[in-house]
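[1] Got a predicted structure here, sequence first:
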Amino acid sequence: MLLMLFGMDYILWKLGLIEWLTFMNWAYDIFPPADDPDLSIQNKFFEGVQVRIYQPKRQSEVQRRGIVFFHGGCGIFTSVDTYERLCRYIAKESDSVLVSVGYHLAPKSPYPTQFNECHDATVHFMKNAENYGVDPARIILCGDSFGGTVTAYLCQELKNRTDLPKVRAQVLLYPFLQALDCTLPSYQQNALFPLLGRKDLLKFAAQYLDRSASIIDMAIGGNLVPENIQMKHRGWVHSENVPYEFRIRNHNPAKPPSPKNNLFNLINEALDRKISPLLADDSFLQGLPKTFILTCEYDVLRDDGLLYKKRLEDNGVPVSWYHLEDGFHAAPLMLDHWLVTFTCAKTGADSVVAYIRGL
């Protein structure tokens, strides 16, 4: 019955009778998990932003860790419901209080609404952590994909705030971290991967920033950003900085032609530190909290994580890295899913839990 329902929706999508985003939201959200007797789950609003709070029911003699979680979806789809299974698992297995932020989505709520709402909800929780049994000195920011973008940016923004406790750690799960170069090895190697190919990613990014889809082919050709901008960031974003073992599979490092400046102006906003925290100057990276990065082999965004790992380490930030050799983009999201699940989903989720439990 489940496969029949899923197949019908898939056919409707392929026929163009429903939107792809509608199909994806349906597949992830249609059957929520049953109640968990070990967790207290409540919906609230922090500074007008919807949040869902997961608290272990078991009494604790000490204040727990707090996790602020930002979901992925390129700012245009998915929700706290989509991430219900993963958030429950992390909260329960790490014995932490987890706050999942339900920011409003574009295009109805355009960029940078998502960053602003995540900022406001995070600051509220940091100032009121003890009301939820959380140690203010043990607050972790965590996000996957676009949520990893938000996490990296907020950690850069909040690190010098003297009116807030310091973030204990940032957890970046297969994050999107730069819009400068989509010809990196992982973008080429996994360009046609079904769940998130290179064109899919660029299409979503264009929708999120309300830009014309005409930039997609230019970006794939690598000739959207002027050479002077590319050279400025060459030491940070270049295939040569990707470890060799990740470069040998189906990668063509040929130099593309120079772009026209009027095309670059269409995506100039995407090189801002919000969308591209990997491009931040060293001063924004120095003093960041210790970091966990999860990358997946079959993911266009793999090299974003690898390059950010190098930049953080070059700036003295302790980094723990876990690589799913059989993983794909958003694999942990399929943990115990009603439709299908994968071994790498639990492996990835467990790597996150193990890191958090060690904090």
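    Sure thing, it's come through. Since the model is a prediction, treat every value here as computed from it, not as a measurement.
[2] Please, where are all the strands along the protein?
    For the chain, the strands defined by DSSP state E cover 39-46, 49-56, 64-70, 96-102, 134-144, 169-173, 290-298, 319-328.
[3] Pipe these into a markdown table and attach mean pLDDT per row.
    Shown next, in a markdown table, are the strands of the chain (pLDDT from 0 to 100):
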| stretch | mean pLDDT |
| --- | --- |
| strand 39-46 | 98 |
| strand 49-56 | 99 |
| strand 64-70 | 99 |
| strand 96-102 | 99 |
| strand 134-144 | 99 |
| strand 169-173 | 99 |
| strand 290-298 | 98 |
| strand 319-328 | 98 |
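[4] Which of those has the highest mean neighbour count?
    Stretch with highest mean neighbour count among these: strand 169-173 (a mean of 27; mean count of other C-beta atoms under 10 Å). Every residue, glycine included, has its C-beta placed from N, CA and C.
[5] and the strands of the chain as JSON lines, adding distance to residue 305?
    Formatted as JSON lines, the strands of the chain follow (distance: least, C-beta to C-beta, whole Å):
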{"stretch": "strand 39-46", "distance to residue 305": "28"}
{"stretch": "strand 49-56", "distance to residue 305": "26"}
{"stretch": "strand 64-70", "distance to residue 305": "16"}
{"stretch": "strand 96-102", "distance to residue 305": "21"}
{"stretch": "strand 134-144", "distance to residue 305": "11"}
{"stretch": "strand 169-173", "distance to residue 305": "7"}
{"stretch": "strand 290-298", "distance to residue 305": "4"}
{"stretch": "strand 319-328", "distance to residue 305": "8"}
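[6] Looking at those, which is nearest to residue 194?
    Closest approach to residue 194 among these is made by strand 319-328 (8.7 Å; C-beta to C-beta).
[7] Could you spell out the sheet neighbours of the closest one, each with its direction?
    strand 290-298 (parallel) (DSSP bridges).
[8] quick one on the thing from earlier: can you check which of the strands of the chain gets nearest to residue 110?
    Nearest of these to residue 110, taken as C-beta to C-beta: strand 49-56 at 16.0 Å.
[9] which strands and helices sit next to the closest one?
    For strand 49-56, the packing partners by 3 or more C-beta pairs under 8 Å, 6 or more residues apart in numbering; DSSP states H and E come out as strand 39-46, helix 84-94, strand 96-102, helix 113-127.
[10] Turn those into JSON lines, including distance to residue 166.
    Shown next, in JSON lines, are the helices and strands packed on strand 49-56 (distance: least, C-beta to C-beta, whole Å):
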{"stretch": "strand 39-46", "distance to residue 166": "20"}
{"stretch": "helix 84-94", "distance to residue 166": "20"}
{"stretch": "strand 96-102", "distance to residue 166": "17"}
{"stretch": "helix 113-127", "distance to residue 166": "10"}
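[11] right, so of these, which gets closest to residue 193?
    Of all the helices and strands packed on strand 49-56, helix 84-94 comes closest under C-beta to C-beta, at 20.4 Å.
[12] avg pLDDT for that closest one?
    Average pLDDT, helix 84-94: 98.
[13] what comes up buried for that helix?
    84, 85, 86, 87, 88, 89, 90, 91, 92, 93, 94 (16 or more other C-beta atoms under 10 Å).
[14] for those, which one is nearest residue 300?
    Nearest member of those to residue 300, counting by C-beta to C-beta, is residue 86, at 20.5 Å.
[15] Relative to residue 290, how far out is the closest one?
    With the distance defined as C-beta to C-beta, to the nearest Å, residue 86 ends up 22 Å from residue 290.
[16] and residue 344, what is it in contact with?
    Contact analysis of residue 344 by C-beta atoms under 8 Å, 6 or more residues apart in numbering lists 296, 324, 326, 327, 328, 331.
[17] Show me the shaky parts of the stretch 251-359 of the chain.
    Residues of the stretch 251-359 of the chain that meet the criterion pLDDT under 70 lie in 251-267, 338.
[18] which residues of this protein fall in helices?
    Counting by DSSP state H, the chain has helices at residues 2-14, 20-29, 84-94, 113-127, 146-158, 185-189, 198-208, 215-220, 227-232, 261-267, 282-285, 302-314, 343-357.
[19] Now do the contacts for the residue nearest to residue 242 when sequence neighbours are not counted.
    Distance criterion C-beta to C-beta, 6 or more residues apart in numbering; nearest residue to residue 242, sequence neighbours excluded, is residue 303 at 5.1 Å. Applying C-beta under 8 Å, 6+ apart, we find residue 303 in contact with 184, 185, 186, 187, 239, 242, 246.
[20] how is the chain carved up into domains?
    What automatic domain parsing lists as the domains of the chain is 1-30, 31-357.
[21] Of the ones you listed, which stretch is the most buried?
    Neighbour counts (mean count of other C-beta under 10 Å) averaged over each of these peak at domain 31-357, with a mean of 19.
[22] where's that one relative to the chain centroid, distance-wise?
    2 Å (C-alpha atoms, centre = their mean, to the nearest Å).
[23] Next, name the residue at the spatial heart of the chain.
    residue 145 (2.2 Å; C-alpha atoms, centre = their mean).
[24] Verify the contact between that one and residue 70 for me.
    No. Using C-beta atoms under 8 Å, residue 145 is not in contact with residue 70; the gap is 9.5 Å.
[25] quick one, what contacts the nearest residue to residue 87 once chain neighbours are set aside?
    In this structure, residue 87 finds its nearest non-sequential neighbour in residue 100, 4.9 Å apart by C-beta to C-beta, 6+ apart. Applying C-beta under 8 Å, 6+ apart to residue 100 gives the contacts 51, 52, 53, 54, 69, 71, 80, 83, 87.
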